[in-house]
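Peer 1: Could you work out the structure for the sequence below:
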Amino acid sequence: MGSVTWRKAYGALKDSTKVGLANFNSEYKDLDIAIVKATNHVECPPKERHFRRIMFANSANRPRADVAYSICALARRLSKTKNWIVALKTLIVIHRLLREGDGSFKDDFLSYSYRGNILQLPNFRDDSSPLAWDSSAWVRLYAFYLHERVECFRVLKYDVEADRLVKVPQASGKAHSRTRTLPCEDLLDQLPALQKLLLRLISCQV
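Peer 2: Predicted structure coming up:
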């Protein structure tokens, strides 16, 4: 068996084991299984049905304990894995939750990230193959970008990506970014955070 085939088989076995263990968690079983399946070792984007299950658990009408558990589970998945595919897919799930979720999730995630440094992955390495080694660098950059985005949300009090287009009532149908309507004084206060976010975004380009 080739090394690549062996790694894929081993990754599939780990995913199956985690799904089996999740079945013993009666309270959050469905959520745990959705997280494992959305962030499995298969080299493809997270499946939409699994992401939607995670999204539902983090909606505004869910108990905040459910949201806290979800954030902790994603943070644990990210911190324990040494596989670049799992790490990348976990970051994608977090990114989509930040982008498509409601403001309460962003607030909870911001609060948790202060204590846990979820998106700090300076030492992440997957040395299982040359591709994995190269991809590890991009995973670290992507995590830094998401970390900076959360920091930008903390400073600006709004999400520059999710809220970047604000429709003007009774206007010509055009849309504009919220920053264009800020007074100069407020814009100068927010400019350093926006510049850092832009630099992190540029660094992700390969």
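
Peer 1: Spit out the contact partners of residue 54.
Peer 2: Counting by C-beta atoms under 8 Å, 6 or more residues apart in numbering, residue 54 touches 31, 34-35, 38, 70, 93, 97. The C-beta positions use only the backbone N, C-alpha and C, and glycine is treated the same way.

Peer 1: just curious, which of these is nearest to residue 149?
Peer 2: When these are ranked by distance to residue 149 (C-beta to C-beta), residue 97 comes first, at 12.0 Å.

Peer 1: so residue 74 touches residue 89, yeah?
Peer 2: No: assessed by C-beta atoms under 8 Å, residue 74 is found out of contact with residue 89, at 10.6 Å.

Peer 1: Tell me which of these two has more neighbours.
Peer 2: More crowded of residue 74 and residue 89, by other C-beta atoms under 10 Å: residue 89, with 26 against 23.

Peer 1: Am I right that the more buried one is in contact with residue 50?
Peer 2: No: assessed by C-beta under 8 Å, residue 89 is found out of contact with residue 50, at 10.0 Å.

Peer 1: Touching both of these two, which residues are there?
Peer 2: In contact with both residue 89 and residue 50: residue 38, using C-beta under 8 Å, 6+ apart.

Peer 1: so where's the chain uncertain?
Peer 2: Filtered on pLDDT under 70, the chain yields the residue ranges 1-26, 162-178, 206.

Peer 1: Can you mark which positions in the helix or strand harbouring residue 200 are buried?
Peer 2: Element membership for residue 200, per DSSP states H and E: helix 184-203. Within helix 184-203, the residues scored as buried using 16 or more other C-beta atoms under 10 Å are 190, 193, 197, 200.

Peer 1: List the contacts of the helix or strand where residue 88 lies.
Peer 2: Element membership for residue 88 (DSSP H and E) is helix 84-100. Helix 84-100 has contacts (C-beta under 8 Å, 6+ apart) with 11, 35, 38-43, 45-46, 51, 54-55, 58, 74, 77-78, 81, 105-106, 109, 118-119, 121, 124, 126, 132, 135-136, 138-139, 142-143, 146, 149-150, 153, 159, 161-162.
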